[in-house]
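Novice: fold the following and give me the result.
(2 chains)
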Number of protein chains: 2
Amino acid sequence: VQPPAALSRHREPLETYLRTLLSRRHPQKLYAMLRYHLGWEDAAGSPDTHVGKRLRPALCLLTCEAVGGNTAKALPLAAALELVHNFSLVHDDIQDGDRKRHDRDTVWAVWGVPQAINAGDALLSIAHLSLAESLDAGLPADAAVRAARLLAERTLEMVEGQVMDIEFEEWREVGLEEYVAMISRKTGALFDASLGLGALAGGAPPAEVEALGHCGRALGIAFQVRDDMLGVWGAEERTGKPAASDIRRRKKSLPAVYTLSRADAGQREELGRIYGREAMSGEDVERVLALMDALGAQAYCAGVAAQHRDAALRELERSGVVGEWADELRETAAFLLERDY
Amino acid sequence: VQPPAALSRHREPLETYLRTLLSRRHPQKLYAMLRYHLGWEDAAGSPDTHVGKRLRPALCLLTCEAVGGNTAKALPLAAALELVHNFSLVHDDIQDGDRKRHDRDTVWAVWGVPQAINAGDALLSIAHLSLAESLDAGLPADAAVRAARLLAERTLEMVEGQVMDIEFEEWREVGLEEYVAMISRKTGALFDASLGLGALAGGAPPAEVEALGHCGRALGIAFQVRDDMLGVWGAEERTGKPAASDIRRRKKSLPAVYTLSRADAGQREELGRIYGREAMSGEDVERVLALMDALGAQAYCAGVAAQHRDAALRELERSGVVGEWADELRETAAFLLERDY
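Specialist: So this is what the prediction gives:
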């Protein structure tokens, strides 16, 4: 499964813009953390090439084109989206106690928790700075304010989702609807903003901005469900994570939430016992995988993902976007659902 | 020393505005943390009255009046300043490991570090939301964008200052100039934004906004130096903190930075030994106080504070603000420098 070419069309100007935003140098330690996290430098400050997919800005710029806009005006917004996403990753890694992300040490693992908190805070502030500077890129002031409002709203939702996610870890049982409500905030909100801001920068009328935002949100939910599936059934050589890593980490992602909700009394007790342990044995992992299999968790998750992808396509239809760009958005949706990494 | 009446003139509409901003309810845990931190509720959700000084919004609204503006337009900006300040407090308490703030448990001490990180992130996002909503309060779109840019810039500076502050804790010795450069960012930047945003909302021309921003920054530095003095020589019954608390906490605030910079080889070695200990004894504290006394640390700090207050008054002069409001700003400056709590 290859990513569609549309997703990398604006990679270069975006990367250049991001580098300019992070070109401040003082205090050196702060900007070293940020350049490291963005993948341009290693922890010692030497050039590195661990750059992420830049999915959210790509969706933003693609949507700007789709509504007939000039992507130069959307660039500061696209950059802001990537920075908000990375702010959340830096803080997530602290919250989850994760020392590794894509085979690299996380920011807190290198610089400690206090400075990593600052790194995240700085990324969020630079995101807002980038938005405010969108005037310089030719965005009218009223569009810039609407963009700022949209991004702040969606970022707040994302934080709300993160609060729920952490809360769920303490709960005995999470409902399927609650789980979807959580990922709609934690992942869906920023995908909503990605398409919404692209449409806004492209000059689309409010109803179109809204429909494309809804399309983005549904896509984000589908994307997250696919992510949850890869965390359980993904192939290590494709995902770069150990097989069944989300089971080992006892994460209450959709496969686990579903399985718990469908388990009978005996299975429920067994799952409770396994998930209650400090660490899972290989046998425990096998047992959980067998229970998931018996209860049809994989088919269920695939169904949920497809359902939200379909909702995304309906919203795309409703937005009125047609032609070449609509095809690209559809290809992107298909890729996000079929990817194996 | 009583605070001037001007500082509480707009307290009620500000508090009402802040409460509206934080009136969301879901997820309950997030907004419970925020209402607790803002002082309106205790940790169990019952009404509380631990509301802070709201100094930054008061300065913002006072400055708006000083330039002849309508404070209703500045209210969303004033609220944003208070939220940015509180975002920094919530994260600071985690970074410093402080379990108490003004006799109350800190957010992380009640809800844990992961959720407290979220609480700070939410406050910063709501601050930006408040700014974006300033259009509804009648602020023109181009002023709203300039306001958003100013706040994002100053917030980033504040985070930069926090990075420096934490870095200093690991350093053997901090230079006096470096120290002032740090507090200019960590505290000065948001005072700069407080006066700057008030002037901007009041319709002042760019040069006046800038001069009042400089006035605010100098005031912020003076304020912080006074804070540093109270942390060492403040009276417990006034500050609510144990006597010499910043010495006990081995904080490298201005009195310590100054004393270390003036100490001879023997004194330096002794200070190094004392500050290198895991915990300070009462005798250690007495010894540090005696060294500070011998080297004239208190007079030096008072001099630095007065110097920045004078700079603030010169900038006020330069801004062209005169009359009753200029008097109020001067009274406020005097109060910030003479306060004993």
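Novice: contacting residues for residue A:193?
Specialist: Residues near residue A:193 by CB atoms under 8 Å, 6 or more residues apart in numbering or on different chains: A:56, A:81, A:84, A:150, A:151, A:154, A:155, A:213, A:216. Quick note: C-beta positions are derived from backbone N, CA and C, even for glycine.
Novice: and residue A:49, by the same measure?
Specialist: Shown in contact with residue A:49 (CB under 8 Å, 6+ apart): A:39, A:40.
Novice: could you do residue A:327 as well?
Specialist: Contacts of residue A:327 (CB under 8 Å, 6+ apart): none.
Novice: what helix or strand is residue A:219 on?
Specialist: helix A:206-233 (DSSP states H and E).
Novice: now check the helix or strand containing residue A:157, is it near chain B?
Specialist: Here residue A:157 sits within helix A:141-170, counting by DSSP H and E. Yes - Helix A:141-170 is in contact with chain B by CB under 8 Å from any CB of the partner chain, via A:141-142, A:144-146, A:148-149, A:151-153, A:155-156, A:159-160, A:162-164, A:166-167.
Novice: helices or strands up against that helix?
Specialist: The helices and strands touching helix A:141-170, judged by 3 or more CB pairs under 8 Å, 6 or more residues apart in numbering or on different chains; DSSP states H and E, are helix A:71-96, helix A:113-132, helix A:176-183, helix A:189-201, helix B:28-37, helix B:113-132, helix B:141-170.
Novice: now do 6 Å
Specialist: helix A:176-183, helix A:189-201, helix B:28-37, helix B:113-132, helix B:141-170 (3 or more CB pairs under 6 Å, 6 or more residues apart in numbering or on different chains; DSSP states H and E).
Novice: neighbours of the closest residue to residue A:34 other than its chain neighbours, how many?
Specialist: The shortest distance from residue A:34 to any non-neighbouring residue, by CB to CB, 6 or more residues apart in numbering or on different chains, is to residue A:22 (5.2 Å). Residue A:22 has 20 neighbouring residues, counting by other CB atoms under 10 Å in any protein chain shown.
Novice: which parts of chain A sit against chain B?
Specialist: Applying CB under 6 Å from any CB of the partner chain, we find that chain A lies next to chain B at A:27, A:29-30, A:91, A:95, A:114, A:117-118, A:121-122, A:125, A:128-129, A:132, A:135, A:141-142, A:144-145, A:148-149, A:152, A:155-156, A:159-160, A:162-164, A:166.
Novice: circling back: dump the contacts of residue A:193 to JSON lines, plus pLDDT and neighbour count.
Specialist: Formatted as JSON lines, these follow (pLDDT from 0 to 100; neighbours: other CB atoms under 10 Å in any protein chain shown):
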{"residue": "A:56", "pLDDT": "97", "neighbour count": "26"}
{"residue": "A:81", "pLDDT": "98", "neighbour count": "30"}
{"residue": "A:84", "pLDDT": "98", "neighbour count": "28"}
{"residue": "A:150", "pLDDT": "97", "neighbour count": "21"}
{"residue": "A:151", "pLDDT": "97", "neighbour count": "28"}
{"residue": "A:154", "pLDDT": "98", "neighbour count": "26"}
{"residue": "A:155", "pLDDT": "98", "neighbour count": "29"}
{"residue": "A:213", "pLDDT": "98", "neighbour count": "27"}
{"residue": "A:216", "pLDDT": "98", "neighbour count": "32"}
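Novice: so which helix or strand takes in residue A:271?
Specialist: Per DSSP H and E: helix A:265-275 holds residue A:271.
Novice: what does that helix contact?
Specialist: Helix A:265-275 is contacted by residues A:250, A:260, A:263, A:284, A:291 when judged by CB atoms under 6 Å, 6 or more residues apart in numbering or on different chains.
Novice: ok, 10 Å please
Specialist: Helix A:265-275 is contacted from outside by A:172-173, A:247, A:250-252, A:256, A:259-264, A:280-281, A:283-285, A:287-288, A:291-292, A:294-295, using CB atoms under 10 Å, 6 or more residues apart in numbering or on different chains.
Novice: ok and the helix holding residue A:157 relative to helix A:113-132, angle-wise?
Specialist: On the basis of axes from the mean of the first three to the mean of the last three CA atoms, to 10 degrees, helix A:141-170 is oriented at 150 degrees to helix A:113-132.
Novice: could you give me the buried positions within helix A:141-170?
Specialist: Residues of helix A:141-170 classed as buried by neighbour count (16 or more other CB atoms under 10 Å in any protein chain shown): A:141, A:143-168.
Novice: tell me the angle it makes with helix A:206-233.
Specialist: 30 degrees.
Novice: helix A:141-170: how far from the chain's middle?
Specialist: 13 Å (CA atoms, centre = their mean, to the nearest Å).
Novice: what do you get for stretch A:159-178?
Specialist: Centre-to-centre, stretch A:159-178 and its host chain are 17 Å apart (CA atoms, centre = their mean).
Novice: okay, how far is it across it, tip to tip?
Specialist: Length of stretch A:159-178, first residue to last, CA to CA, to the nearest Å: 16 Å.
Novice: A helix includes residue A:242, no?
Specialist: No - counting by DSSP: H, G, I helix; E, B strand; the rest coil, residue A:242 falls outside a helix, being coil.
Novice: that one against residue A:236, yeah?
Specialist: Yes - with contact defined as CB atoms under 10 Å, residue A:242 counts as touching residue A:236 (5.9 Å).
Novice: what touches both of those two?
Specialist: Counting by CB under 10 Å, 6+ apart, nothing touches both residue A:242 and residue A:236.
Novice: still on that earlier bit, can I get the contacts of residue A:193 in a markdown table with distance to residue B:331?
Specialist: Compiled in a markdown table, those are given as follows (distance: CB to CB, whole Å):
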| residue | distance to residue B:331 |
| --- | --- |
| A:56 | 49 |
| A:81 | 45 |
| A:84 | 41 |
| A:150 | 41 |
| A:151 | 39 |
| A:154 | 43 |
| A:155 | 39 |
| A:213 | 49 |
| A:216 | 52 |
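Novice: now the two most distant members of the residues you listed.
Specialist: Across the contacts of residue A:193, no pair lies farther apart than A:84 and A:213, at 15.1 Å, counting by CB to CB.
Novice: ok, residue A:211 touching residue A:311?
Specialist: No - contact between residue A:211 and residue A:311 fails when scored by CB under 10 Å: they sit 11.6 Å apart.
Novice: ok, those two, which is more surrounded?
Specialist: Each of residue A:211 and residue A:311 has its neighbours counted (other CB under 10 Å); residue A:211 has more, 22 against 17.
Novice: if I look at that one, how far off is residue A:184?
Specialist: 17 Å (CB to CB, to the nearest Å).
Novice: check residue A:279 too.
Specialist: From residue A:279 over to residue A:184 (counting by CB to CB), the distance is 31 Å.
Novice: the more surrounded of the two?
Specialist: More crowded of residue A:279 and residue A:184, by other CB under 10 Å: residue A:184, with 20 against 7.
Novice: let me see the contact set for the more buried one.
Specialist: Contacts of residue A:184 (CB under 10 Å, 6+ apart): A:157, A:161, A:191, A:192, A:217, A:218, A:220, A:221, A:224, A:308.
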